[in-house]
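>>> Let me see the structure of the following:
(chains A and B)
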Amino acid sequence: MAENKDVTKQKSKPAQGAAQTEAAMWPAVDIFEDDTGITVQADMPGVSRDGLDVHIDADSLSIVGKLDIPMPATMEALHADVRATRYQRSFSLSRELDRDKIEANLRDGVLTLRIPKREEVKPRKIEVRAS
Amino acid sequence: MYGLLGNSEGNLFDEFRRMEREMNQLFGAGPWPTGIRAVARGTYPPINVGGTAEQVDVYVFAAGLDPATLDVSIQQNLLTIAGERRLITEEGADYYRRERFDGQFRRVLSLPDDVDPGKVQADYRDGVLHITALRRESTKPRQIEVK
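Coordinates of the predicted model:
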């Protein structure tokens, strides 16, 4: 059930009252780099495609996800490890990353972001010639 | 979307936070015992349990699992959730962070005594395992008519 989501570029929005100040969880992430780019994998269980917001500012990447779990209104809490209703985490990007080509994929609560490097900065093997 | 959770008392998660504050006040520094099967905070996977008059709902926050590898069993009112998450390590890549859980997990929960072990269902959606256990007919609250 893989879902692709367009990554939208947005200007930073001013804080929107209570919703923005509410406590958020830090999703656990794995981050690795290879020759062509950086991959971020974030655990965001309970977030559906509609509740996910990935946006890029001048030089930061923000991930916000709202929990989307239907529950009966009369439900009473018996035990709770999860006490916030959203995830939020941001990363600063460095110049060699191509923010126009970031791809996001959400599957079973795992967000995978692929951030490619710009063509001109991909590592080049430099040959050492003997004179 | 999330407004569905809301009721006049504030939503379920406000309720969770209130409960935490009260529990901390109650159990924080005291000599009171914790549950024998209780685990340290931060143990994987996080679990929420909520109840209504009809049923008990367990939410296991475990993203990226293959539902076939999950082992959910119930004995009387003791619910066991076991599974394994194997992360694939990218060959030839340099890792900066590895925070995501990798390996086997197992959690045991005591559900309220009146759940019916024969009426338990589980489904997995968006990385959350949702287990529903119905309460026994006879223990549901009943309105008693005063004649």
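
>>> going forward, measure contacts and count neighbours with C-alpha atoms only.
Fine.

>>> Stretch A:106-113 vs chain B: in contact?
Yes. Counting by Cα under 8 Å from any Cα of the partner chain, contacts between stretch A:106-113 and chain B involve A:107-110.

>>> Using CSV, please lay out those residues together with secondary structure, distance to B:Asp94 and pLDDT.
Formatted as CSV, these follow (DSSP: H, G, I helix; E, B strand; the rest coil; distance: Cα to Cα, whole Å; pLDDT from 0 to 100):
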residue, secondary structure, distance to B:Asp94, pLDDT
A:Arg107, strand, 23, 95
A:Asp108, coil, 25, 95
A:Gly109, coil, 24, 96
A:Val110, strand, 20, 97
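
>>> Tell me how chain B divides into domains.
Using automatic domain parsing, the domain ranges for chain B come out as B:1-32, B:37-138.

>>> most tightly surrounded among those domains?
domain B:37-138 (a mean of 16; mean count of other Cα atoms under 10 Å in any protein chain shown).

>>> end-to-end on that one?
28 Å (Cα to Cα, to the nearest Å).

>>> and it, average pLDDT?
The pLDDT scores in domain B:37-138 average 91.

>>> Does chain A have contacts with stretch B:52-67?
Yes. Using Cα under 8 Å from any Cα, stretch B:52-67 reaches chain A at B:52, B:61-65.

>>> so which of these comes closest to B:Gly118?
Closest approach between these and B:Gly118, by Cα to Cα: B:Thr52, at 18.0 Å.

>>> wait, what's in contact with the closest one?
B:Thr52 makes contact with A:72, A:74-76 under the criterion Cα atoms under 8 Å, 6 or more residues apart in numbering or on different chains.

>>> Cross the residues you listed against helices and list the overlap.
Using DSSP state H, no member of the contacts of B:Thr52 sits in helices.

>>> Return a PyMOL selection command for the buried portion of these.
PyMOL command restricting the contacts of B:Thr52 to the buried ones, with burial defined by 16 or more other Cα atoms under 10 Å in any protein chain shown:
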select buried, chain A and resi 72+75+76
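
>>> which of the contacts of B:Thr52 are close to chain B?
Near chain B, by the rule Cα under 8 Å from any Cα, you find A:72, A:74-76 out of the contacts of B:Thr52.
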